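J.: here you go, sequence then predicted model.
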Amino acid sequence: MKKLFSYALMSLLLIGLLAACGQGGSKDTEQTADNTGSDVAEKKILKMGTSADFPPFEFVDTAKGEDIIGFDIDLANAITEKLGYEIEIQDMDFAGLIEALKSNRVDIVLSGMSATDERKESVDFSDIYYSADQMIVFKKDAPLTSVEELAGKTVGVQTASIQEDKAKEIKETTDIKIDSRNRVPEIVQELKAGRFDAVILEDAIAKGYLDKNQDLAGFTLEGDEENGFAIAFPKGKDELVAEFNKVIAEMKENGELEQLAVKWFGGEQ
Ligand code: ARG
C-alpha cells in the first residue's frame, strides 16, 4: 500500500516536471518569435512627403545641420513610433504633394496642409492637429492696415496653397496683382527686396518671420474662418487614417500635442 502510494506520488511529480518543462519550452520559443517581431523583422516604412520651406512646421535650420526638423516632423515621428512604423521623409515643392499622394509615391503628407473641401476630392485627411489664421505681412516702411489698401499692389503667395486661393478671393473685390513662388522663403525674400508689397502667410509661420525680421510687420485677416492642418493620405486608406486619428486623439488628450506647440512656437496662439 505504501509502495503504491509512492509510485503514484512519483508519477505525479514526473508529470508535473514534464509539464513544467513543456511550458518552459514553449515559452522560450514564443519569446524568440516575439523578439524577431519587434527587433529583427523590419518595420513597415511609410514614405512621408513634405515641403520643407515652412518654419516652424518643416524646415532646415542650416545653422544646425541638414536635417528637416519642425512640428510636423516631431508629430510624424511620435505617431509612427507609437504605431510601429518607420518614416522616410521626401522633400518636394508644396505644389507637388497631392500628386505624390495620388500616384502613391508617398504614403502620408505632413506639410502644414489645410484640409480643404477641394483637396478632399482627391485625398483623405486625418483629424485636424492645428488651427491657423491668415495674416497679411508687409514691410514696416510701407505699412498696410486693411485688405482694401492692397489695391494696385503685388501680393505674394505660395503656389497651390490656400493663400493663393485667398489672394484670388481678395482679387474679386480689390484690384491686386498675384505673384506665386514655389517656396515660402522666396516669397518672404521678394517682400524684403520690395518686389512684393505684401505676402499672405498663416499666423504661426508669419510670427516666426516677424520675430527674425525687424523690417516686417503684419495683421491678421479678421472674420476669416480658421483653417486646420491635417495629415493627408491617398484615398482609400481608411484603416491607416483611423490608426493615426486614434493617436492624434490620445496626444490631444495627454497634452503631447500642446507640448509640441510649446516647443516649436511657444504654445497655442
Ligand atoms: N496651410 C496652407 C495650405 O494648406 C499652406 C501650407 C504650406 N506648407 C508648406 N509646407 N509650405 O495650403
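T.: All right, it came through fine. Residues are numbered from 1 along each chain as shown.
J.: neighbours around Ile98, how many?
T.: For Ile98, the count of nearby residues is 20 (other C-beta atoms under 10 Å). The C-beta positions use only the backbone N, C-alpha and C, and glycine is treated the same way.
J.: give me every residue that touches it.
T.: 109, 119, 122-123, 160, 232 (C-beta atoms under 8 Å, 6 or more residues apart in numbering).
J.: and those residues as JSON lines, adding pLDDT?
T.: JSON lines is the format used below for those (pLDDT from 0 to 100):
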{"residue": "Val109", "pLDDT": "99"}
{"residue": "Arg119", "pLDDT": "97"}
{"residue": "Ser122", "pLDDT": "97"}
{"residue": "Val123", "pLDDT": "98"}
{"residue": "Ala160", "pLDDT": "98"}
{"residue": "Ala232", "pLDDT": "98"}
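J.: whichever strand or helix holds Leu101 vs the ligand: in contact?
T.: Per DSSP states H and E, Leu101 falls inside helix 97-102. No - taking C-beta under 6 Å from any ligand atom as the criterion, helix 97-102 and the ligand are apart, separated by no less than 8.2 Å.
J.: quick one on the thing from earlier: just the buried residues of the contacts of Ile98.
T.: 109, 119, 123, 160, 232 (16 or more other C-beta atoms under 10 Å).
J.: give me the subset of the residues you listed lying in strands.
T.: Of those, the ones assigned to strands by DSSP state E are 109, 123, 232.
J.: isn't there a strand covering Val247?
T.: No - counting by DSSP: H, G, I helix; E, B strand; the rest coil, Val247 falls outside a strand, being helix.
J.: for the ligand, see how far away the closest residue to it other than its chain neighbours is.
T.: Nearest residue to Val247 in three dimensions, chain neighbours excluded: Ile79, at 4.6 Å (C-beta to C-beta, 6 or more residues apart in numbering). Taking C-beta to the nearest ligand atom, to the nearest Å as the measure, Ile79 falls 18 Å from the ligand.
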